[in-house]
Each structure stands twice: as C-alpha cells, then as structure tokens.
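A.B. asks: Generate a structure from the sequence data that follows.
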Amino acid sequence: MTVLRETWIVFHRQMRLSLRNPMWSILMLSQPLMYLFLFGPLLKPITAQISQGATTNAYQVFIPGLIVQLGMFGAMFVGFGLIAEYRAGVIEADRVTPASRMALMAGRVLRDVVVLVVQSILLLLAALPLGLRAPWGGVLLSLVIVALLGATFASLSYSVALITKSEDALAPLLNGIAMPLLLLSGILLPMQIGPTWLQRLSDISPLKHVVNGVRALFRGDISSSSSLWGLFWVVLLTVIGLAVGARTFRKESA
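C.D. replies: Numbers count the residues shown, from 1 in each chain. Below is the predicted model of the structure:
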C-alpha cells in the first residue's frame, strides 16, 4: 500500500506538470493525425489487396498501426524529460526521500500511459468521420495493448536516460532503434504484401505480431491466433520493460 500511495503521489505531480505544459503531448499527436488525413486516403483503392481480402475498410488496416506507433514513439522519447529533471536536481531530491525507487519510476510511467491512452482515443474519434468502423470490444482491448506498449517503452526510455544522462547520447540511440522498428513492424502497411525475404526478416520483430494482433481486434477477431499472439508479446515486453526500468532506477538511485 505504501508503494501504491507513493506511486500516486509521483503520478499526481508528473500529471500536473504535463497539464501545465501540454505542448509536447500535442506535438506527439500531430504526427499520427497527419498520417491519418494525408496518408490514409491513399490506402482506400488498395485496401482489399493490402488486407488480403480480410476487410474493405482501409482504416481497419491503417488505424491499428497508427495507435501502435503512438504507443511506441509517444513513450520512446520520454527519457528526454527525465534528463532535464536530472539536470535540474529533481532526481537528486527524489533520491534523498524515503520513497520507493519503484514508485519513482511507476508514477512517471503511469503518467505517460494515461497521456497515450487519451491521445489514442482522440485519434480514434478523429478517424470516425473518415469511415473507421470497428467493434467496441476490439477497440477497448487495443487501448489496453497501447497502454502496455507505452509502459514498456517508457520504462526502457527512462532506463537509457538514467544511464546516458545526455541528450546527445540518447537521441541517436533512440532514432537508430526507432527506424528499424517502424519499417519491420508493418505499422504503415501490412508486411504480408512484401516480398518473402522481408516477411521473414520482420518475423524477428515482436512488434509485427502486436500490430497484426491489433488489426485482428479491429476486425472483431478477438479469439484469433493473431490477437492472442499480439497479447502474448505485449505482455512479455511489458514485463521485461518494467523489470529493466525498476532495476535501473534502483541501481542509479543507490
């Protein structure tokens, strides 16, 4: 109970800071919105081809990839804020408190998850007038996946930020990881339409299975193998991300 209370205190403080300066959250949402309005309409003539006949709704293929992208990239760069806190002495001040190191991380991660879920809901609402149709159950499960994915990448981002303590080191590292993940996960277009060698290469990326799982949920195939594999991988990634984040916070705050 003490850890939960301390987590809530850290979350409340971080949430107030985000609400005071919402520009970062707005900028992170602007990129998916541009993809939605400027790239999404291009998929309508080829929806049957890229979905291999699974659906005729282009946004059932495209929106799942966008919310996964939001969960990834919206959380991947939160480490920059932690570096700013470190330089301002906030982390040093946290270290001298009796607060659990797990709570210091969990409160920040919870703030990031709440922001990502709200952004995802706004993105889904923006897609409704464009023609998005999906079952509510599948959409709610997809939001859970986005929340878990955000927790994973936020934890890892904070870990790397605490280790590097430098934007100059963090930026190229994250960008070098982000591009292969984007291209091999099938976020913009399903990997099934690519050549065989590219499909085999993308199989090594767990995020490909997560994206396929969310697309299956948007089609209403909640019990399909794609959905179950997507849930399995996102839960596994979340466990690994939180474990690495908690260990780094304890080590760096010792």
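A.B. asks: Centre of the chain to whichever strand or helix holds Trp197, how far?
C.D. replies: Assessed by DSSP states H and E, Trp197 sits inside helix 196-202. Its chain's average C-alpha position is 23 Å from that of helix 196-202, according to CA atoms, centre = their mean, to the nearest Å.
A.B. asks: what does that helix contact?
C.D. replies: 184-186, 191-192, 194, 208 (CB atoms under 8 Å, 6 or more residues apart in numbering). Quick note: C-beta positions are derived from backbone N, CA and C, even for glycine.
A.B. asks: What is the subsequent helix or strand relative to that helix?
C.D. replies: Counting by DSSP H and E, what follows helix 196-202 is helix 206-218.
A.B. asks: which ones are touching the closest residue to Pro180 other than its chain neighbours?
C.D. replies: Residue nearest to Pro180 in three dimensions, not counting chain neighbours: Ser205, with 8.0 Å by CB to CB, 6 or more residues apart in numbering. Going by CB under 8 Å, 6+ apart, Ser205 touches 180-181, 184-185.
A.B. asks: Now do the buried residues in stretch 39-46.
C.D. replies: Within stretch 39-46, the residues that qualify as buried by neighbour count (16 or more other CB atoms under 10 Å) are 40, 43.
A.B. asks: Can you identify each of the strands in this structure by residue range?
C.D. replies: Using DSSP state E, the chain contains no strands.
A.B. asks: mind showing which ranges of it have poor pLDDT?
C.D. replies: Along the chain, segments meeting pLDDT under 70 span 1, 46-56, 252-254.
A.B. asks: residue ranges for the helices of it, please.
C.D. replies: 2-20, 23-38, 47-50, 58-76, 79-87, 90-95, 101-127, 136-164, 167-184, 196-202, 206-218, 225-252 (DSSP state H).
A.B. asks: got the ones you listed as a markdown table, with mean neighbour count columns?
C.D. replies: What follows is the helices of the chain, written out as a markdown table (neighbours: other CB atoms under 10 Å):
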| stretch | mean neighbour count |
| --- | --- |
| helix 2-20 | 14 |
| helix 23-38 | 14 |
| helix 47-50 | 15 |
| helix 58-76 | 25 |
| helix 79-87 | 18 |
| helix 90-95 | 14 |
| helix 101-127 | 21 |
| helix 136-164 | 22 |
| helix 167-184 | 14 |
| helix 196-202 | 13 |
| helix 206-218 | 25 |
| helix 225-252 | 18 |
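A.B. asks: What sits closest to Gly230 if chain neighbours are left out?
C.D. replies: Closest to Gly230 by CB to CB, 6+ apart is Gly213, at 1.6 Å.
A.B. asks: For Glu85, state which of the contacts of Ser205 is nearest.
C.D. replies: Leu181 (25.9 Å; CB to CB).
A.B. asks: what's that closest one in contact with, if anything?
C.D. replies: Contacts of Leu181 (CB under 8 Å, 6+ apart): 72, 205, 207.
A.B. asks: Let's see that with 6 Å instead.
C.D. replies: Leu207 (CB atoms under 6 Å, 6 or more residues apart in numbering).
A.B. asks: What separation do you get for it and Met28?
C.D. replies: Computed as CB to CB, to the nearest Å, the Leu181 to Met28 distance reads 16 Å.
A.B. asks: Same question for Glu85.
C.D. replies: Taken as CB to CB, the span from Glu85 to Met28 is 18 Å.
A.B. asks: next one: Leu66
C.D. replies: 12 Å.
A.B. asks: and what of Gly74?
C.D. replies: 5 Å.
A.B. asks: Trp229 contacts His209, doesn't it?
C.D. replies: Yes - here Trp229 reaches His209: they are 4.8 Å apart, a contact under CB atoms under 6 Å.
A.B. asks: Just list the residues touching the residue lying closest to Asp94 once chain neighbours are set aside, thanks.
C.D. replies: Of all residues not flanking Asp94 in the chain, Leu104 sits nearest, at 5.5 Å (CB to CB, 6+ apart). Applying CB under 6 Å, 6+ apart, one finds that Leu104 lies in contact with 10, 94, 249.
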